[in-house]
Each structure stands twice: as structure tokens, then as C-alpha cells.
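K.L.:
quick one, what's the 3D model for this:
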Amino acid sequence: MAHPSAAGYDPAVATILVLEDDGDAAEPMVKALQKVGHRAMWVPDGHDALAVLVLGGVDLLLTDLSVPQMDGVTLLEALRAHSRFQSLPVIVFSAYAEGRNAERLRDLGVSDVFVKGTDGPSDVLRAVERHLGVPPRPEAANN
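P.N.:
Got it, this is the predicted structure:
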């Protein structure tokens, strides 16, 4: 997030990286995040996500697990191996987030896990807001 003394600072605005290989699945999530005022960036594969994260300025990662180049679990393992990323909030939104994967995700410090087809963008948005310390907004429930 921006430094509190920066002009135009708004603690409710965060930069969120969405890692999703399916543009049709990413679009509603990105739009929901933007609707409540966040900056949302979308990347289609794990290597692109890692490059954006290394550049800095990302406040939260929202990731699918089944993505090309570097799957979500491998990306998380790489991130958590570096102290700079150990406290980065991560939310997983994936069809493959159950069972053994769910255990591994907990071990990697994933904040929340949502299952595609069961949970929707509004569920994920509420978790994003909670992890960023933003009070609930009425429009978040209408997505």
C-alpha cells in the first residue's frame, strides 16, 4: 500500500494481483475488486505472477491453483521461502482447493480457500476486505 503520508492515500484501496489462466473466470473477480475501489491486476500464469510480485506493490494475492508455467502451490512455496513474502495475504479460489491441497495450503499460510462452483466473487470479496482491514461495504454483498 502507499505510504500514509502520500498524497491521496486511501487505506481502503489496495493493489490485488489475480492469478487466473481463464480470462472469463478472472474478469468478474477483477471487476468486483475494482467496483469497491481496489486496483486489481490480472495475470494468466505463475511466472507472470512471480514477476509482478517481485516488482513489489502488491497487497494481496488471489490465486487459482491450476495455472500454466508455475502452478499456484509452487508459486506459494517460492514466495514463502523468502521473508519478504511470508506475510503477504493469499486467498485461493480454485476448483482444486480441497482435500490434500487444502492441507498444503494451510501449511503455506494461505489466508482463505474458496472452491469455484461453490463459492462466488462476493464470498472472496468479503475475505479480501477482511484481510485488508476494510470495514464491510454494502456494495460488496451485491456481487
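
K.L.:
please make it C-alpha for all contacts and neighbour counts, starting now.
P.N.:
Will do.

K.L.:
after the helix or strand bottoming out on mean pLDDT in the chain comes which helix or strand?
P.N.:
Least confident helix or strand, the chain: helix 100-107 with a mean of 86, by mean pLDDT, DSSP states H and E. Scanning forward in sequence from helix 100-107 by DSSP states H and E, the next helix or strand is strand 112-115.

K.L.:
please enumerate residues in contact with that following strand?
P.N.:
With contacts defined as C-alpha atoms under 8 Å, 6 or more residues apart in numbering, strand 112-115 is touched by V90, I91, V92, F93, S94, A95, Y96, A97, E98, A102, V124, A127.

K.L.:
let me know the secondary structure of the third one.
P.N.:
In other words, V92. Here V92 is recorded as strand under DSSP: H, G, I helix; E, B strand; the rest coil.

K.L.:
and it, what does it touch?
P.N.:
L62, T63, D64, L65, V110, D112, V113, F114 are the contacts of V92 under C-alpha under 8 Å, 6+ apart.

K.L.:
ok, now with 10 Å
P.N.:
18-19, 61-65, 72-73, 102, 105, 110-116, 124 (C-alpha atoms under 10 Å, 6 or more residues apart in numbering).

K.L.:
bridge partners for it, pull those for me.
P.N.:
T63, V113 (DSSP bridges).

K.L.:
ok, it to L33 distance?
P.N.:
Separation of V92 from L33 (C-alpha to C-alpha, to the nearest Å) stands at 15 Å.
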